[in-house]
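> Sequence first, predicted model second:
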Amino acid sequence: MTKAYDHSRSGAQAPRPAQQILKDLHSTRVCVFHPNDSDGKELTRQLQRIGCQTEVFWTVPPALPPDTGLVFVSVSPDMTGQEFPWSACEDAPPVIAVVNYENPTVVNQVFRLGALAIVTSPVHSFGLLSKMAIALETSRELKECRARIARLEGKLIGVRTVATAQNILSSTRGIDLDEAYKLMRARAMSKRVTIEEIASDFVNANAIVAFK
């Protein structure tokens with residue numbers, strides 16, 4: 001018998017319901033960077049039919065309009081070397097590339113944009129909604145993963161700092177590591193701060209003394 005995958009044990013979050021994803025999509029502000037050709041017009045028409053708040057631009061600006069939640073970018077060989085500063089931002093919205101030609105230059109540009117989906121020319125309505133939903137959800141999950149990694153890295157730094165402070169206190173005051181930890185914990189409680197902050201103060205103070 002096939003066993004259901006347990007997201008809670010793996011640490012991964014269960015996927016959100018499709019209804020919620022599509023509901024979020026309808027309230028998403030979409031920016032389309034595409035020439036005013038047949039593909040550009042059809043893409044805009046389909047986005048408006050879906051109910052998205054849509055703005056169309058050409059060419060691609062250095063900064064996005066406020067509250068942009070999803071971006072379509074026409075990618076072509078003549079875009080070689082063009083920079084997209086907004087795409088490298090940590091909170092950048094998901095990007096869907098629109099391509100009408102495939103070669104290494106175009107593929108490289110798609111990677112540089114960090115595109116999470118691709119729409120090929122000629123643009124059709126079929127599959128567009130699914131690609132948008134997947135791009136939005138993938139982007140949300142990636143941001144959550146980055147935030148979780150940042151929290152874990154912060155905790156790891158804190159653990160290392162506490163361990164360093166314990167060793168400093170143990171050697172300078174002639175006490176064991178447990179006593180050093182209890183001392184820091186008591187100091188943290190009296191000052192109403194975290195033990196990591198107290199440990200950081202000890203380490204920094206020791207570094208100043210050692211420098212002198």
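Received it, and whenever you're ready, just let me know what you need.

> From now on I want contacts and neighbour counts done on CA atoms only, so please keep to that.
OK.

> now the closest residue to residue 176 other than its chain neighbours: how far from residue 51?
Leaving out its chain neighbours, the residue that sits closest to residue 176 by CA to CA, 6 or more residues apart in numbering is residue 170, at 5.4 Å. As for residue 170, its distance to residue 51 is 65 Å (criterion: CA to CA, to the nearest Å).

> Ramachandran angles for the residue nearest to residue 176?
phi -60, psi -40 (degrees, to the nearest 10).

> What of residue 74?
Main-chain torsions, residue 74, degrees, to the nearest 10: phi -80, psi 120.

> Might one say that it is in contact with residue 99?
Yes - Residue 74 is within contact range of residue 99, at 6.1 Å (criterion: CA atoms under 8 Å).

> Looking at the two, which is more packed in?
Using other CA atoms under 10 Å, the more surrounded residue of residue 74 and residue 99 is residue 74, with 24 against 20.

> Could I get the contacting residues of that one?
Each residue near residue 74 by CA atoms under 8 Å, 6 or more residues apart in numbering is listed here: 33, 34, 35, 97, 98, 99.

> likewise residue 120?
Counting by CA under 8 Å, 6+ apart, residue 120 touches 98, 99, 100.

> what's the neighbour count on residue 114?
16.

> For this protein, which element, helix or strand, carries the lowest mean pLDDT?
helix 7-10 (a mean of 46; mean pLDDT, DSSP states H and E).

> which of the residues in whichever helix or strand comes after that helix are buried?
Past helix 7-10, further along toward the C-terminus, the next helix or strand under DSSP states H and E is helix 18-26. Of the residues in helix 18-26, 21, 22, 25 count as buried by neighbour count, 16 or more other CA atoms under 10 Å.
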